[in-house]
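Have a look at this prediction, sequence included:
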Amino acid sequence: MSVTSDGEGRTDSQGEPRTKEDAACGWGFITPALCQRFRTSRWLLFVLCCACFVQNMAISGFVNVIISSIERRYDLTSAESGLVASAYDISSAILILPVSYFGGLGSKPRYISVGFLLFGLSCILFTFPHYLSGLYDYGTDNGGLCLPGSSAPSSCDGQIISLSNYKYMFYVTMILMGAGCTPLYTLVPAFLEESVSVRSASLYLGIYYGCSILGPALGFVVGGLLLNIYVDFNVVDMDSVTIDSTSSRFVGAWWVGFLVCGVLSVIMSIPLAGFPAALPSSTKYTAERHTEVYKNKKVTQNDATRTVRLTKIWKSLKTLLTNPTYMFLNLASATDGILLVGLSTFMPKFTEAQFGLPSSTAALYVGAVVVPGGAGGTLLGGYLIKRFDLRIKKILQICMALIIGSLVFGLVFIMSCPSISFAGVNILYGSTDIKSTSFLGSFQTDTCHANCGCSQSEFSPVCGQDGVTYYSPCYAGCQRMVMVGSDMQYFNCTCVGNNMTEYDAVLHKCESDCNLPLFMVVFFGIVLLTFVSSIPYLTATIRCVPPDERAFAIGIQLSFTKFLGYIPGPILFGWLIDLSCLVWNSKCGVDGSCFFYDNKQMSNNILAIILAGKAVTTLWTVFAYLCYIRGPKNEKKEHQCNDQHGSQFSSQETFISVISNQCVSTAQPSSATDLQNEQDSYEPTKSEPNGMESSKRESLPTEQTSTESPKKELSPTRSITTEL
């Protein structure tokens, strides 16, 4: 009987490779003898783990860290930078099903290597704006001093418009990255699973997805450290740079991480392409798994050869779309996805703006919270399901409790840091009392600097001895500056209220007195509870659909969550942050990046979307709970599982089956009758035949979700990863 056959002619009727090229390690006709030593599952796992690590370090680490830096460098609004983050998921959501199907028909390692090569080249292209935009101009050499009797220079030379247009290059390269990474979370799990024994499959997949945790962790740390390095360090004399990472004008080396990841990805695509379509050891495992494929009157020989019938797909799709519990869980997943990706993308920027931190420091703080919170929450969620052997309704009740808990923690955003006093923006010149923003724009017209010839294009905030921040030394009326150590001090500042000290102002914003440790602790609670609920949601999704639809159900939910959650999330959060901007970098009539935010309004905007999102997620969960109807005795049977082969399939492996168009059972059925009865046991209106004991009729979802399900959320789909 034929085991499998594909467009590449990979195996014959006995599961053996048809040609030497299919089983040989090499590149086309080049098959070095030394290369054949690496045709093992362990070397395959090593190379794939390296690829997963690099991909997650770039997408779930560097992208979130550099958002505020590319905004400042290329005059982007937060909504535009949010679209940069979303562009990755646009192509990924569109291509996930086509790549999984057509990639399954051919040589998986070749598809994976081509995709990773595309990802690497895209990472390199992502750095091109750095090389094409010229040197970064952070201000004038004279420090923006007040020059009495001069007039403001014109800054409308078209440069800003050209800088903002680089956003289109960011969009295109992120779309290409998403396309290139699609095989990593579709074809890779299937290839790993079919290359090892049933007993080892979960271990290999666990190690692979574990790298998706380490990648973002290192991405936040390394990305934060790189932002301490000046953006043009490779082409300028660093002794001539008069600002450091504490300055609001400073832009770090955002591009270095992507360049390194790009080069590493291109290099790793070479050994990936060298692996054969099937490892020599996979032949016996193919036959072993063939005995686990569901067989009933609907399965034909064409199904075993992965020829998908449109009628069957339509029938499966109709079954899922008319399942109210499943659809409400999809809506809950999408709504929570908006918050998850939006917060992970903009929390470094939020922390930077609220607490007046440098970009590098904010990235390190957020990474220290998001990565352990996401990983720990996912593992804890899986443990709860396994430890208490929960049924669907209990699972949904726990989900509702966790959502409400994270909503309560979200109230921390009420405690916004007070905005610093900004002369001519939220206070009058000569005053230190913040009352409103009715003075917005008066910093340009106040009489104390009327004859200084100040330019609005030179945002270089200084902190006066009166505790007030001024737009620049010129707008503070400062006429002299002296470098004292690493501090730039200004004198003869006519606008600064207190002139009794040795100097009038220093080159940086005034500091905000706010409790950062308390905020980070509470934010950790939000992240932890959000990720704890992810596994119960996934478990409920798997258990509320028929066994032969579960793989397809997870694939649809993933696409659903990407389109309605991951893609709009960063854009929505960026737009809300833009609404709180008080001072824009506006040149030639074009708004660029934001110079100064209203901290209270920013916190209120984030709080509003968190409360609304959690409330809607709770509502969808309640509807799913009310709509769920279980068949008699079925839910009890749902939790019994056979460990005959020592295999513990994770929830991610259910998605493997949609990739390879196979449905896999955790137990090896003893007969065709058992298989049919196993199918019937999930029909909500059918009762079980008498005498059918649980020892012979094992359930698919328990082992898939309770034991290894935490790995699902940690896949490279932007979670934190993921998709953190």
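Perfect, thanks for sending it.

Which stretches in the stretch 151-300 of the chain count as helices?
159-164, 167-181, 187-195, 198-226, 256-274, 282-290 (DSSP state H, counting those that start in this stretch).

can you tell me which of these comes nearest to Tyr490?
Across these, Tyr490 has its closest neighbour in helix 159-164 (26.8 Å, CB to CB). C-beta coordinates here come from the backbone N, C-alpha and C atoms, glycine included.

from the helices of the stretch 151-300 of the chain, which stretch is densest packed?
Among these, helix 187-195 has the highest mean neighbour count (mean count of other CB atoms under 10 Å), at a mean of 25.

Please tell me how far that one is from the chain's geometric centre.
Averaged C-alpha coordinates place helix 187-195 at 23 Å from its chain's average position (CA atoms, centre = their mean, to the nearest Å).

Output the contacting helices and strands for the helix or strand encompassing Leu83.
Using DSSP states H and E, Leu83 sits in helix 78-105. Where contact means 3 or more CB pairs under 8 Å, 6 or more residues apart in numbering; DSSP states H and E, helix 78-105 is packed against helix 63-74, helix 108-126, helix 167-181, helix 187-195, helix 324-355, helix 550-561, helix 568-579, helix 651-660.

what is the mean pLDDT for that helix?
Per-residue pLDDT values over helix 78-105 give a mean of 85.

Taking helix 568-579 as reference, get the angle to it.
Orientation of helix 78-105 against helix 568-579 (axes from the mean of the first three to the mean of the last three CA atoms, to 10 degrees) gives an angle of 170 degrees.

Okay, buried residues for helix 78-105 please.
78-97, 99-101, 103-105 (16 or more other CB atoms under 10 Å).

Quick check: which of the helices and strands packed on helix 78-105 is nearest to Asp239?
Here helix 63-74 is closest among the helices and strands packed on helix 78-105 (CB to CB), at 21.7 Å.

so what secondary structure elements neighbour the closest one?
helix 78-105, helix 159-164, helix 198-226, helix 324-355, helix 359-388, strand 590-597.

ok and the third one relative to helix 63-74, angle-wise?
It refers to helix 198-226. 30 degrees.

Measure how far stretch 113-120 is from the centre of its chain, please.
That offset, for stretch 113-120, works out to 19 Å (CA atoms, centre = their mean).

who's in contact with that stretch?
Here stretch 113-120 makes contact (CB atoms under 8 Å, 6 or more residues apart in numbering) with 51, 55, 99, 176-177, 179-184, 261-270, 272-273.

And the helices in the stretch 351-500 of the chain, which stretches?
With DSSP H, counting those that start in this stretch as the criterion, the stretch 351-500 of the chain has helices at 359-388, 392-410.

Distance to Leu118 added to those, as TSV?
Listed next are those as TSV, based on distance: least, CB to CB, whole Å:
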stretch	distance to Leu118
helix 359-388	27
helix 392-410	37
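
Of the ones you listed, give the one that comes closest to Leu579.
The minimum distance between Leu579 and those falls on helix 392-410, with 18.6 Å, by CB to CB.

what's in contact with that closest one?
332, 384-385, 388, 390, 522-523, 525-526, 529-530, 532-533, 536-537, 539-540, 543-544, 607, 610-611, 614-615, 617-618, 621-622, 624-625, 628, 630, 635, 638.

In PyMOL, select just the buried ones from the residues you listed.
A single PyMOL command selects the buried members of the contacts of helix 392-410 (16+ other CB under 10 Å):
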select buried, resi 332+384+385+390+522+523+525+526+529+530+532+533+536+537+539+540+543+544+607+610+614+617+618+621+622+624+625+628+630+635+638
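
Just the ones in strands from the contacts of helix 392-410, please.
Mapping these onto strands (DSSP state E) picks out no residues; all lie outside.

In helices only, show me the contacts of helix 392-410.
332, 384-385, 388, 522-523, 525-526, 529-530, 532-533, 536-537, 539-540, 543, 607, 610-611, 614-615, 617-618, 621-622, 624-625, 635 (DSSP state H).

Could you check how far Leu192 is from Ser107?
Computed with CB to CB, to the nearest Å, the distance linking Leu192 and Ser107 is 15 Å.

I meant Ile606, not that one.
Using CB to CB, Ile606 is found at 47 Å from Ser107.

buried sites along stretch 375-382?
Result for stretch 375-382 [16+ other CB under 10 Å]: buried residues Ala375, Gly376, Gly377, Thr378, Leu379, Gly381, Gly382.

Show me which of those is closest to Val412.
Among those, Gly377 lies closest to Val412 (CB to CB), at 17.1 Å.

Now do the same contact list for the closest one.
Here Gly377 is in contact with Val527, Leu528, Leu529, Thr530, Phe531, Val532, Ser534 (CB under 8 Å, 6+ apart).

For it, give its distance to Leu528.
5 Å.

residues in contact with the nearest residue to Gly252 once chain neighbours are set aside?
Setting aside the residues directly before and after it, Gly252 is nearest to Leu227 in space (CB to CB, 6 or more residues apart in numbering), at 3.0 Å. Leu227 makes contact with Val65, Ile66, Ser69, Ser245, Gly252, Ala253, Trp254, Pro358, Ser359, Ser360, Ala363, according to CB under 8 Å, 6+ apart.

are any of those buried, and which?
With burial judged by 16+ other CB under 10 Å, the buried subset of those is Val65, Ile66, Ser69, Gly252, Ala253, Trp254, Pro358, Ser359, Ser360, Ala363.

Tabulate these (CSV), appending pLDDT and distance to Leu317.
Below are the buried ones among the contacts of Leu227 laid out as CSV (pLDDT from 0 to 100; distance: CB to CB, whole Å):
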residue, pLDDT, distance to Leu317
Val65, 91, 39
Ile66, 92, 39
Ser69, 91, 43
Gly252, 91, 47
Ala253, 93, 47
Trp254, 94, 42
Pro358, 84, 50
Ser359, 84, 45
Ser360, 85, 47
Ala363, 86, 42
